[in-house]
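Enquirer: A structural model of the following input is requested.
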Amino acid sequence: MAVINRIAAFEADATAWRRRLHEMPELDFDLYETAAFVAERLREIGVDEMHEGIARTGIVALIRGRAPGPVVGLRADMDALPIAEAVDRPWKSRNPGVMHACGHDGHTTILLTAARYLAETRNFAGTVALIFQPSEELSGGARVMVEEGIMERFGVSRVFGLHNSPGVELGRIETRPGAIMAAADQFDITLTGRGGHAAHPHDCVDPVAAALSLGQALLAIPARRVDPIRSGVLSLTVIHAGDATNVVPATARLAGTVRTLDAAERELIADAVASATSAIGAAFGVEAKLDYEFGYPVTRNDPDEAAFAARVAREVVGAANVDADRRPEMGSEDFSYMLEARPGAYVFVGAGPGAGLHHPAYDYNDAVTPIAASFLARLVETALPIEG
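Expert: I've put the predicted structure just below:
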């Protein structure tokens, strides 16, 4: 593995940074302590410009190379999850009920470590835009940063992001052209009938019967409406009606998520959910109200940029440790908004064995940092070569 020697020398500092970030997890856009820590490190590193307060707590910092050239964006997410940490480590979260269960503390450290090297060497022609983003997990901070104009404001021409991948061999880098992660939407349906005594159902309009029929219809949509060669997942995750065994409730609620890898299937399933809700509501004589929310879009890599990222990865970790055509997955990522705004690619970096993402026993593997930081540094140097 061709970890850059200078980056390897930063490993102790990087581990200390990451574990400090792990102790102070914050949620959504409220990353004030995290952003202050990142800003302090960026000042020490010696970036040329730093712009704070983007999307409330986001930061964009610029490092200029030895000659003029294009701007390449590198993004790291900074937010944590509302999960109680289950393992008592020396760097355990000190914010009850909140933890870095997805490794965003590691992603932030990777980008800081790459920035430290790039600011020291500046062996490139152009500018690196370091994008530290809030609220990947909850509210789409990438969308807000894009809407606030970071691509235009800083002249970003290409953008890259990464994620650690527990259970994948340490240092293995995986990407693919096209869709790599799914769009994530959600639905919430309320069925309103007329409640009453369970002994007199004929005097009621029973929303439970409607909910049972509608639930079956919803689950059949991907299996019977979506082309089996394509992907679509509808998960019915909430069913609630009533609280007493001798009462027909007045309302029933069904809710869940829809994940797709293609815009056509995304629209097809949304339309099918609306049609089923309306038809079954009418058939059972209940009022059916559907709230359907389109969430993060498909994370779609530019084919050329995915191939470029794979080529750089081979130089860093070796061809045997790169998969340039990994299977897409049905999880979602708000980096998708940045990839809609600019060509780029998203990659996964193997983190070795350990608890999975979003698990209360998860902890980021600090051994990933020098590998991933070396990849980002080589990505910049290869994308922005110094001529002559």
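
Enquirer: can you get me the start-to-end distance on stretch 319-328?
Expert: 20 Å (C-alpha to C-alpha, to the nearest Å).

Enquirer: in that stretch, what's buried?
Expert: Across stretch 319-328, burial judged by 16 or more other C-beta atoms under 10 Å covers Asn321, Val322, Asp323, Ala324, Arg326, Pro328. Using the backbone N, CA and C atoms, a C-beta is placed for each residue, glycine as well.

Enquirer: and for stretch 271-285?
Expert: Ala272, Val273, Ala276, Thr277, Ile280, Gly281, Phe284.

Enquirer: let's check: the centremost residue of this structure is which one?
Expert: Among the residues of the chain, Glu333 comes closest to the average C-alpha position under C-alpha atoms, centre = their mean, at 2.9 Å.

Enquirer: state the helix or strand in which Phe187 lies.
Expert: In this assignment (DSSP states H and E), Phe187 forms part of strand 183-192.

Enquirer: after that strand comes which helix or strand?
Expert: Next in line after strand 183-192, if elements are assigned by DSSP H and E, sits strand 196-197.

Enquirer: I'd like to know which elements that next one is packed against.
Expert: Strand 196-197 is packed against strand 247-248, with contacts defined by 3 or more C-beta pairs under 8 Å, 6 or more residues apart in numbering; DSSP states H and E.

Enquirer: can you list the strands that the strand it packs on pairs with?
Expert: For strand 247-248, the pairing partners within the sheet under DSSP bridges are strand 196-197 (antiparallel).

Enquirer: residues contacting the residue nearest to the centre of the chain?
Expert: Glu136, Gly161, His163, Met181, Tyr296, Thr299, Tyr346 (C-beta atoms under 8 Å, 6 or more residues apart in numbering).

Enquirer: same thing but 6 Å
Expert: For Glu333, the contact set (C-beta atoms under 6 Å, 6 or more residues apart in numbering) comprises Met181, Thr299.

Enquirer: ok, Leu112 next?
Expert: In this structure, Leu112 makes contact with Arg41, judged by C-beta under 6 Å, 6+ apart.

Enquirer: restrict the host helix or strand of it to CA atoms and write it as PDB.
Expert: The secondary structure element spanning Leu112 is helix 104-121 (assigned by DSSP H and E). Taking only C-alpha atoms (Å, rounded to 0.1, in the frame of the first residue of the first chain), the coordinates of helix 104-121 have been written out as PDB:
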ATOM      1  CA  HIS A 104     -18.100  11.100  10.000                       C
ATOM      2  CA  ASP A 105     -15.500  11.900  12.700                       C
ATOM      3  CA  GLY A 106     -13.200   9.800  10.600                       C
ATOM      4  CA  HIS A 107     -14.200  11.400   7.300                       C
ATOM      5  CA  THR A 108     -13.600  14.800   8.800                       C
ATOM      6  CA  THR A 109     -10.200  13.700  10.000                       C
ATOM      7  CA  ILE A 110      -9.300  12.200   6.600                       C
ATOM      8  CA  LEU A 111     -10.000  15.500   4.900                       C
ATOM      9  CA  LEU A 112      -8.100  17.500   7.600                       C
ATOM     10  CA  THR A 113      -5.100  15.100   7.200                       C
ATOM     11  CA  ALA A 114      -5.100  15.400   3.400                       C
ATOM     12  CA  ALA A 115      -5.400  19.200   3.800                       C
ATOM     13  CA  ARG A 116      -2.400  19.300   6.100                       C
ATOM     14  CA  TYR A 117      -0.300  17.500   3.500                       C
ATOM     15  CA  LEU A 118      -1.600  19.500   0.500                       C
ATOM     16  CA  ALA A 119      -1.000  22.800   2.400                       C
ATOM     17  CA  GLU A 120       2.500  21.800   3.200                       C
ATOM     18  CA  THR A 121       3.500  20.500  -0.300                       C
END
